[in-house]
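# return a 3D structure for these sequence lines:
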Amino acid sequence: MDRITMAARLMIVSDLDHTMVDHHDPENMSLLRFNALWESNYRHDSLLVFSTGRSPTLYKQLRKEKPMLTPDITIMSVGTEITYGNSMLPDDGWVEFLNQKWDRNIVTEETRKFPDLTLQAETEQRPHKVSFYVDKNKAQTVMKKLSDCLEKRGLDVKIIYSGGMDLDILPQGAGKGQALAYLLKKFKTEGNPPTNTLVCGDSGNDAELFSIPEVYGVMVSNAQEELLLWHAENAKGNPNIIHAKERCAAGIIEAIGHFNLGSNTSPRDVADFMECKLENTNPGHEVVKFYMFYERWRRGEIDNCETYIASLKASCDPSAIFVSPSGVEKTLHECIHRMKGWHGDQKGKQFRVWADRVLSTPIGSNTWLMKFDKWELAGDERYCCVTTVKINVKGSGASDGYVWMNVQQKWLEGFEKKDDSTWLF
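Purely as a prediction, here's the structure:
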């Protein structure tokens, strides 16, 4: 799927902090569960959009701290910046739209007259966003007076208060909701609107997302009072918006199932590796299933069972080759045999493995070329390999499974492991 120009089966638009990312979950399990679900079931024909109040600087910082996937589209700075893909290519049309009736210099001049406003860090000041901290008890009064001042100066602005402390001043046409509306209109004009859209949030600056017509919405269980109050006053009778029972990313998974938007069984929720199957299998599921097994094997969470090893070998062609990041070649059967000795070597340790950007290209009637980023977290260290896998369909169709033909890896710059002698797959 060309990531943007084809109609998505599902588009998920999610806030990050306390929605997709649970800062009270040190193991990041709800996020990792979502990652496995998305890469195995949705990445190949759906779109993932992160919509965050964070600036690009703080967004990139969060990505270094948490095992987050790479979104297809990123909406940042409370809906004032839209970028595409891993390279974060900006949407110039959105920039032109926001320039109407906006003068950042006037906003800066007027806000200096309000002693209750404390300017946020320089990284949070953006071309179409000026951000402050304000005491919760003074927020409403400040917002009313400030709005009047800026209107008298000829500006058409929006003032958003969220998180019990953050005050953002934006062009009237900006915001998470307007950015999403702009994208949906753009997709519709180009003839490729998503079949379904699910918006996800937890705070006041997410309320606009739920106001967009014809979307499904989930307020995660840990949603803040300001969003719940907005819902009670504006959307209480809307059956397409729910308050999830689960926190953060687990609440998003819950909503996918509640609205029947597709499978909501994450491969991480399947206890038995041998039973981890899809009705309509795709190569992405094969990749996620394998690395999930690899993680559990190293953590000692599954038995050191010869049946598992035999199953792995049966899924690899006898002549299949693994090329390590340093260029050393071994057969996949050799690597699997070597892995037997590593059972439980990461037991009780912080060790996680996940795949990102899993995309497949057919290169023959029964052959697929898979490309993805394979991430490994070991304690405080994170490593990543850009991985290419060639697999063949086993038997008469994908439901019979796949055979791995070869695996090749190269280090992602900045995430190399000095010694890859203990690096497998």
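
# all contacts plus neighbour counts: C-alpha atoms, from now on.
OK.

# can you tell me how far Ile212 sits from Val13?
12 Å (Cα to Cα, to the nearest Å).

# neighbour count winner among those two?
Applying other Cα atoms under 10 Å to Ile212 and Val13 shows that Val13 carries more neighbours, namely 26 against 16.

# state the helix or strand in which that one lies.
Following DSSP states H and E, one finds Val13 within strand 10-14.

# so what does that strand touch, helix or strand wise?
strand 47-51, strand 196-201 (3 or more Cα pairs under 8 Å, 6 or more residues apart in numbering; DSSP states H and E).

# and the shortest one, which strands flank it?
Using DSSP bridges, the neighbouring strands of strand 47-51 in the sheet come out as strand 10-14 (parallel), strand 73-76 (parallel).

# swap in the longest one?
Using DSSP bridges, strand 196-201 pairs in its sheet with strand 10-14 (parallel), strand 216-219 (parallel).

# residues contacting the first one, please?
Here strand 10-14 makes contact (Cα atoms under 8 Å, 6 or more residues apart in numbering) with 20, 42, 45-52, 194-201, 261.

# what sits against Ala36?
By Cα under 8 Å, 6+ apart, the contact list for Ala36 reads Ser266, Pro267, Arg268, Val288, Trp354, Ala355.

# tell me which stretches of the stretch 151-300 of the chain form strands.
157-162, 166-171, 196-201, 216-219, 241-243 (DSSP state E, counting those that start in this stretch).

# kindly reformat those as TSV containing distance to Gly348 and mean pLDDT.
Converted to TSV, those look like this (distance: least, Cα to Cα, whole Å; pLDDT from 0 to 100):
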stretch	distance to Gly348	mean pLDDT
strand 157-162	39	90
strand 166-171	39	94
strand 196-201	33	98
strand 216-219	34	98
strand 241-243	35	97
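
# ok, which of those comes nearest Glu233?
Across those, Glu233 has its closest neighbour in strand 241-243 (13.2 Å, Cα to Cα).

# what pairs with that closest one, parallel or antiparallel?
Partners of strand 241-243 in its sheet, by DSSP bridges: strand 216-219 (parallel).

# show the pLDDT at the closest residue to Glu124 other than its chain neighbours.
Nearest residue to Glu124, sequence neighbours excluded (Cα to Cα, 6 or more residues apart in numbering): Ser55, at 5.5 Å. pLDDT recorded at Ser55 is 92.

# same deal with the one 4 residues further on?
According to the per-residue confidence, Tyr59 scores 97 in pLDDT.

# what angle do the helix or strand harbouring it and strand 47-51 make?
Following DSSP H and E, one finds Tyr59 within helix 56-65. Angle between the axes of helix 56-65 and strand 47-51 is 120 degrees (criterion: axes from the mean of the first three to the mean of the last three Cα atoms, to 10 degrees).

# export helix 56-65 to CSV, keeping only CA atoms.
The C-alpha coordinates for helix 56-65 follow below in CSV (Å, rounded to 0.1, in the frame of the first residue of the first chain):
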residue,chain,number,x,y,z
PRO,A,56,8.7,18.1,17.1
THR,A,57,11.5,18.3,19.7
LEU,A,58,9.5,16.7,22.5
TYR,A,59,7.9,14.3,20.2
LYS,A,60,11.3,13.0,19.0
GLN,A,61,12.4,12.8,22.7
LEU,A,62,9.4,10.6,23.5
ARG,A,63,10.2,8.3,20.7
LYS,A,64,13.6,7.7,22.2
GLU,A,65,12.1,6.9,25.5
